[in-house]
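**Student:** below are the sequence and a predicted model; questions follow.
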Amino acid sequence: MSRLVTATPAHASAMAAIHAAAFALGERWGIDAMAIQVALPGAFGFIDPDGAMILARVAADEAEILTLATIPALRRQGRGRELLAAAQASAISAGARTMFLEVSEANDAARGLYAAMGYRQIGRRPRYYGETAALVLRLDLPAATP
Ligand SMILES: CC(C)(COP(=O)(O)OP(=O)(O)OC[C@H]1O[C@@H](n2cnc3c(N)ncnc32)[C@H](O)[C@@H]1OP(=O)(O)O)[C@@H](O)C(=O)NCCC(=O)NCCS
């Protein structure tokens, strides 16, 4: 059985703590931001209580990864992959046929994860994160099984 917990606004503090451990200053989402994001229409997410989290959002047949984080001490143990797979499965259940996300061109770990999960680059936004470009990635999702 999965250890993953479905994210709600009540988990905003826990999610912000994971985010703060995973991201550099200036890229961290605080408690208020987490509470707002998880309450957006179509938003959903999962928390690995050990120290990882994901938020995503579905609108019609398109979905988007909003953020994903594993605390440094727990990286390369499959948590990112598990959370991404869970978000993709939820998006499929909600009717999404495509998943999109943005990732810094300099983020080798995240790019490695997304490539391993089958995402491909469909765009590049220069100087999106300061001087660094954002890559726009896409994954085609299978249809939901009835
Ligand atoms: C990106 C991140 C979420 C990955 O989380 P994780 O729990 O370590 O990921 P996983 O253990 O599931 O990794 C799965 C696969 O992704 C790839 N990958 C993960 N980290 C990698 C790295 N540092 N370099 C290259 N490939 C990497 C590998 O293919 C890996 O499989 P393997 O370990 O069998 O080789 C984590 O590094 C993180 O929180 N980074 C800071 C926040 C961030 O950048 N979030 C994403 C923003 S778009």
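**Tutor:** Looks like it arrived, so ask away.
**Student:** ok, how many other residues are close to the nearest residue to residue 90 once chain neighbours are set aside?
**Tutor:** Residue nearest to residue 90 in three dimensions, not counting chain neighbours: residue 44, with 5.5 Å by CB to CB, 6 or more residues apart in numbering. From N, CA and C alone the C-beta is placed, and that goes for glycine too. By the measure other CB atoms under 10 Å, the count of residues near residue 44 is 22.
**Student:** which helix or strand contains residue 44?
**Tutor:** Following DSSP states H and E, one finds residue 44 within strand 43-48.
**Student:** I'd like the next helix or strand past that strand.
**Tutor:** Where DSSP H and E defines the elements, the next helix or strand beyond strand 43-48 is strand 52-59.
**Student:** any idea how far residue 31 is from the nearest residue to residue 8 once chain neighbours are set aside?
**Tutor:** Nearest residue to residue 8 in three dimensions, chain neighbours excluded: residue 38, at 6.6 Å (CB to CB, 6+ apart). Separation of residue 38 from residue 31 (CB to CB, to the nearest Å) stands at 11 Å.
**Student:** give me the common contacts of those two.
**Tutor:** Taking CB atoms under 8 Å, 6 or more residues apart in numbering as the criterion, residue 38 and residue 31 both touch residue 12.
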